[in-house]
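Engineer: here you go, sequence then predicted model.
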Amino acid sequence: MNLRIGHGYDIHRTCPGRPLVLGGVTFVADFGLDGHSDADALTHALCDALLGAAGLPDIGHFFPNTDPAYKNADSQILLQRVIAALRERGWAPVNVDATLIAEKPKIAPRLAEMKAALAKSTGLPVDAIGLKATTNEGSDDIGRGLAIAAHAVALIRKI
(Lines give C-alpha, C1' and ligand atoms only; values in the text may rest on other atoms or scores of the structure.)
Protein backbone atom coordinates (compact mmCIF):
# COMPACT_ATOMS: atom_id res chain seq x y z
CA MET A 1 0.00 0.00 0.00
CA ASN A 2 1.36 3.42 -0.96
CA LEU A 3 1.14 5.67 2.11
CA ARG A 4 2.03 9.32 2.65
CA ILE A 5 1.97 11.58 5.69
CA GLY A 6 1.51 15.33 5.86
CA HIS A 7 1.68 18.01 8.54
CA GLY A 8 -0.41 21.16 8.85
CA TYR A 9 -0.34 24.18 11.13
CA ASP A 10 -2.63 27.17 11.45
CA ILE A 11 -3.03 30.08 13.83
CA HIS A 12 -5.60 32.88 14.00
CA ARG A 13 -5.82 35.89 16.30
CA THR A 14 -8.90 36.23 18.45
CA CYS A 15 -11.30 39.09 17.76
CA PRO A 16 -14.64 40.21 19.18
CA GLY A 17 -17.85 40.08 17.21
CA ARG A 18 -17.31 36.81 15.34
CA PRO A 19 -18.51 33.29 16.12
CA LEU A 20 -15.82 30.93 17.42
CA VAL A 21 -15.73 27.84 15.21
CA LEU A 22 -13.27 25.02 15.93
CA GLY A 23 -13.39 21.63 14.25
CA GLY A 24 -16.75 22.49 12.74
CA VAL A 25 -18.34 23.22 16.13
CA THR A 26 -19.49 26.68 17.21
CA PHE A 27 -18.49 27.55 20.78
CA VAL A 28 -20.18 30.03 23.09
CA ALA A 29 -17.48 32.66 23.60
CA ASP A 30 -17.09 36.42 23.72
CA PHE A 31 -14.71 36.27 20.75
CA GLY A 32 -14.14 34.47 17.48
CA LEU A 33 -11.12 34.11 15.26
CA ASP A 34 -9.99 36.69 12.73
CA GLY A 35 -9.87 35.40 9.17
CA HIS A 36 -11.39 35.54 5.72
CA SER A 37 -13.41 32.32 6.10
CA ASP A 38 -14.89 31.18 9.42
CA ALA A 39 -11.22 31.04 10.59
CA ASP A 40 -11.53 27.47 11.93
CA ALA A 41 -7.82 26.99 12.74
CA LEU A 42 -8.23 23.28 13.51
CA THR A 43 -9.93 22.46 10.22
CA HIS A 44 -7.44 24.61 8.29
CA ALA A 45 -4.52 22.69 9.84
CA LEU A 46 -6.20 19.40 8.85
CA CYS A 47 -6.69 20.66 5.29
CA ASP A 48 -3.01 21.56 5.04
CA ALA A 49 -1.94 18.19 6.45
CA LEU A 50 -4.05 16.34 3.89
CA LEU A 51 -2.92 18.56 1.01
CA GLY A 52 0.72 18.25 2.06
CA ALA A 53 0.50 14.47 2.20
CA ALA A 54 -0.67 14.46 -1.42
CA GLY A 55 2.11 16.85 -2.45
CA LEU A 56 -0.40 19.60 -3.22
CA PRO A 57 -0.18 23.34 -2.41
CA ASP A 58 -1.59 24.66 0.85
CA ILE A 59 -5.14 25.72 1.66
CA GLY A 60 -4.45 29.33 0.65
CA HIS A 61 -3.75 28.19 -2.90
CA PHE A 62 -7.09 26.43 -3.22
CA PHE A 63 -9.16 28.94 -1.22
CA PRO A 64 -7.36 32.31 -1.35
CA ASN A 65 -8.28 35.01 1.15
CA THR A 66 -8.43 37.46 -1.75
CA ASP A 67 -11.41 35.64 -3.28
CA PRO A 68 -14.76 37.01 -2.07
CA ALA A 69 -16.32 33.58 -2.69
CA TYR A 70 -14.61 32.36 0.49
CA LYS A 71 -15.62 35.28 2.73
CA ASN A 72 -17.03 33.70 5.92
CA ALA A 73 -16.88 30.28 4.22
CA ASP A 74 -17.69 27.20 6.28
CA SER A 75 -14.36 25.40 6.69
CA GLN A 76 -16.11 22.03 6.77
CA ILE A 77 -17.10 22.64 3.15
CA LEU A 78 -13.48 23.53 2.36
CA LEU A 79 -12.37 20.29 4.04
CA GLN A 80 -14.88 18.33 1.95
CA ARG A 81 -13.42 19.97 -1.18
CA VAL A 82 -9.90 19.00 -0.06
CA ILE A 83 -11.03 15.39 0.33
CA ALA A 84 -12.57 15.54 -3.17
CA ALA A 85 -9.32 16.97 -4.60
CA LEU A 86 -7.37 14.10 -3.03
CA ARG A 87 -9.80 11.51 -4.38
CA GLU A 88 -9.57 13.03 -7.88
CA ARG A 89 -5.82 12.42 -7.69
CA GLY A 90 -6.21 8.85 -6.43
CA TRP A 91 -5.72 9.40 -2.69
CA ALA A 92 -7.91 8.72 0.34
CA PRO A 93 -7.39 9.63 3.98
CA VAL A 94 -6.54 6.82 6.42
CA ASN A 95 -6.53 8.85 9.62
CA VAL A 96 -5.87 12.34 10.97
CA ASP A 97 -4.56 13.53 14.32
CA ALA A 98 -4.58 17.09 15.61
CA THR A 99 -3.77 19.17 18.65
CA LEU A 100 -5.65 22.40 19.32
CA ILE A 101 -3.79 25.00 21.40
CA ALA A 102 -6.03 27.50 23.21
CA GLU A 103 -6.29 29.05 26.65
CA LYS A 104 -10.06 29.42 26.37
CA PRO A 105 -12.73 28.25 25.96
CA LYS A 106 -12.53 24.78 27.49
CA ILE A 107 -12.22 22.42 24.53
CA ALA A 108 -12.38 18.98 26.17
CA PRO A 109 -16.17 18.99 26.75
CA ARG A 110 -16.72 19.43 22.99
CA LEU A 111 -14.09 17.01 21.61
CA ALA A 112 -16.63 14.30 20.72
CA GLU A 113 -18.74 16.82 18.75
CA MET A 114 -15.66 18.08 16.93
CA LYS A 115 -14.55 14.55 16.06
CA ALA A 116 -18.04 13.77 14.73
CA ALA A 117 -18.05 16.91 12.54
CA LEU A 118 -14.58 16.15 11.18
CA ALA A 119 -15.50 12.51 10.55
CA LYS A 120 -18.54 13.63 8.57
CA SER A 121 -16.47 16.04 6.46
CA THR A 122 -13.61 13.62 5.80
CA GLY A 123 -15.63 10.43 5.42
CA LEU A 124 -13.46 8.80 8.07
CA PRO A 125 -14.82 6.82 11.01
CA VAL A 126 -14.78 8.75 14.30
CA ASP A 127 -12.10 6.42 15.67
CA ALA A 128 -9.77 7.49 12.82
CA ILE A 129 -9.87 11.09 14.08
CA GLY A 130 -7.38 11.85 16.85
CA LEU A 131 -8.02 15.12 18.64
CA LYS A 132 -6.42 16.68 21.69
CA ALA A 133 -6.48 20.11 23.29
CA THR A 134 -3.85 21.87 25.35
CA THR A 135 -2.93 25.35 26.55
CA ASN A 136 0.26 27.37 26.34
CA GLU A 137 0.27 27.83 30.12
CA GLY A 138 -0.04 31.59 29.85
CA SER A 139 2.98 32.11 27.59
CA ASP A 140 2.98 34.07 24.28
CA ASP A 141 -0.09 35.34 22.39
CA ILE A 142 -1.86 31.99 22.60
CA GLY A 143 -1.26 31.84 26.35
CA ARG A 144 -2.66 35.34 26.78
CA GLY A 145 -5.83 34.38 24.86
CA LEU A 146 -4.94 36.50 21.83
CA ALA A 147 -4.73 33.59 19.38
CA ILE A 148 -5.66 29.94 18.85
CA ALA A 149 -3.48 27.49 16.92
CA ALA A 150 -3.58 23.89 15.74
CA HIS A 151 -1.11 21.27 14.52
CA ALA A 152 -2.33 18.31 12.47
CA VAL A 153 -0.97 15.24 10.74
CA ALA A 154 -2.72 13.14 8.14
CA LEU A 155 -2.02 9.72 6.69
CA ILE A 156 -3.32 9.06 3.18
CA ARG A 157 -3.23 5.98 0.96
CA LYS A 158 -3.22 5.44 -2.78
CA ILE A 159 -6.59 4.15 -4.05
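Structural biologist: Looks like it came in fine.

Engineer: and the helices in the protein?
Structural biologist: In the chain, helices defined by DSSP state H lie at 41-53, 59-62, 75-88, 111-122, 140-143, listed in chain order.

Engineer: contacts for the fourth one?
Structural biologist: If you take Cβ atoms under 8 Å, 6 or more residues apart in numbering as the criterion, helix 111-122 is touched by 22-25, 42-43, 46, 76, 79-80, 83, 93, 96, 107, 124-126, 128-129, 131, 133. Using the backbone N, CA and C atoms, a C-beta is placed for each residue, glycine as well.

Engineer: same thing with the longest one?
Structural biologist: When contacts are taken as Cβ under 8 Å, 6+ apart, the neighbours of helix 75-88 outside the stretch itself are 21, 24, 37-40, 43-44, 46-47, 50-51, 54, 56, 59, 62-63, 70, 92-93, 117-118, 120-123, 156, 159.

Engineer: give me the buried entries from those residues.
Structural biologist: In terms of neighbour count (16 or more other Cβ atoms under 10 Å), the buried residues within the contacts of helix 75-88 are 21, 24, 37-40, 43-44, 46-47, 50-51, 54, 56, 59, 62-63, 70, 93, 117-118, 121-122, 156.
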